[in-house]
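**Student:** Dropping a prediction and its sequence here:
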Amino acid sequence: MLNVRAFALTCGIFWAASLMLIAVLTMKTGLGLSFVNMVSEVYLGYGSTLVGALLGAVWGFLDGLVCGAIFAWLYNKIAG
């Protein structure tokens, strides 16, 4: 059984950190620009700026939290 709260928090933190890291990498080197552009279609304000990276981290945390909770709950129901 998965702990739904722990799994959701883990997914939210991981996805937020990933989005922030990719935005900063794009800001510094230009790598990953197509990924940032694609994700910015879904997460309003996300971009390869410091503010955009922070907004992406907030959206990513919320999205990862919800998706992680749904995944863990569904896994527990199926495995249960």
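**Tutor:** Noted; the coordinates are in hand.
**Student:** Sketch out the low-pLDDT regions of this protein for me.
**Tutor:** The model of the chain has no residue with pLDDT under 70.
**Student:** which other helices and strands contact the helix ranked longest in the chain?
**Tutor:** Scanning the chain for the longest helix, with DSSP state H as the assignment, gives helix 50-79. Based on contacts counted as 3 or more C-beta pairs under 8 Å, 6 or more residues apart in numbering; DSSP states H and E, the elements that helix 50-79 packs against are helix 4-29, helix 33-40. From N, CA and C alone the C-beta is placed, and that goes for glycine too.
**Student:** Could you check the angle that helix makes with helix 33-40?
**Tutor:** 70 degrees (axes from the mean of the first three to the mean of the last three C-alpha atoms, to 10 degrees).
**Student:** okay, how far is it across stretch 36-52, tip to tip?
**Tutor:** The first and final residues of stretch 36-52 sit 10 Å from each other (C-alpha to C-alpha, to the nearest Å).
**Student:** mind listing what the nearest residue to Tyr75 once chain neighbours are set aside touches?
**Tutor:** Counting by C-beta to C-beta, 6 or more residues apart in numbering, the nearest residue to Tyr75 once its immediate chain neighbours are dropped is Leu2, at 5.5 Å. With C-beta atoms under 8 Å, 6 or more residues apart in numbering as the criterion, the residues that contact Leu2 are 72, 75-76.
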